[in-house]
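generate coordinates for the sequence data below:
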Amino acid sequence: MHEMGIANSILEAVKTEAARYPGAQPRKVGVRIGALQAIDQESLRFCFEAIVRETELEALQLEIELCPRRHRCLPCGREFIVHDYEFQCPQCGEVRSECIGGDELALAYLEVEEYEPSAAGAESTQ
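I've put the predicted structure just below:
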């Protein structure tokens, strides 16, 4: 199950990025996963939740964006989504095409919550 390794890599990327914002708490991480990656999103979610459980990042939510396999027709240039291994261009009917998407595996975003220092209990300067 390579989903555990991917979940761990996501968590490491979150920690690295969050270190750039001292005092902020990561709340949500979004990943973009292409259909060609053959990643089971439920397994990835399970692994992610298992490794953040009982840590300072337990509240971190994982959002997954699935990206379909996309091709470009070589003769006419039309871009289209491939469904059920059907590589025929919907515009010209040609089958010669190149893959241009669906192999993504990327950190899309990280949402952090920044905490303002509390003024409660602070001494007045007047």
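
what ranges do the helices span in the chain?
Taking DSSP state H, the helices of the chain run over residues 3-18, 41-52.

low pLDDT regions in this structure?
The model of the chain has pLDDT under 70 over residues 1, 116-126.

now the most centrally placed residue in it: how far from Ile6?
The centroid of the chain falls nearest to Val31 when counting by Cα atoms, centre = their mean (0.1 Å). Distance of Val31 to Ile6, given as Cβ to Cβ, to the nearest Å: 8 Å. In short, each C-beta sits where N, CA and C put it, glycine included.

shared neighbours of the two, which are they?
Listed contacts common to Val31 and Ile6 are Leu105; contacts here mean Cβ atoms under 8 Å, 6 or more residues apart in numbering.

ends of stretch 95-106, how far apart?
29 Å (Cα to Cα, to the nearest Å).

in it, which residues are buried?
Residues Ser97, Gly101, Gly102, Glu104 are the ones in stretch 95-106 that count as buried (16 or more other Cβ atoms under 10 Å).

still on that earlier bit, the residue nearest to the centre of the chain against Glu104, yeah?
No: here Val31 lies out of contact with Glu104, judged by Cβ atoms under 8 Å, at a distance of 9.1 Å.

coming back round to it: so who does the residue nearest to the centre of the chain touch?
Counting by Cβ under 8 Å, 6+ apart, Val31 has contacts Ile10, Leu62, Glu63, Ile64, Glu65, Leu105, Ala106, Leu107, Ala108.

what about the nearest residue to the fifth one once chain neighbours are set aside, neighbour count?
Closest residue in space to Glu65, ignoring its immediate chain neighbours: Arg32 at 4.8 Å, by Cβ to Cβ, 6 or more residues apart in numbering. Counted with other Cβ atoms under 10 Å, the burial measure for Arg32 works out to 16 neighbours.
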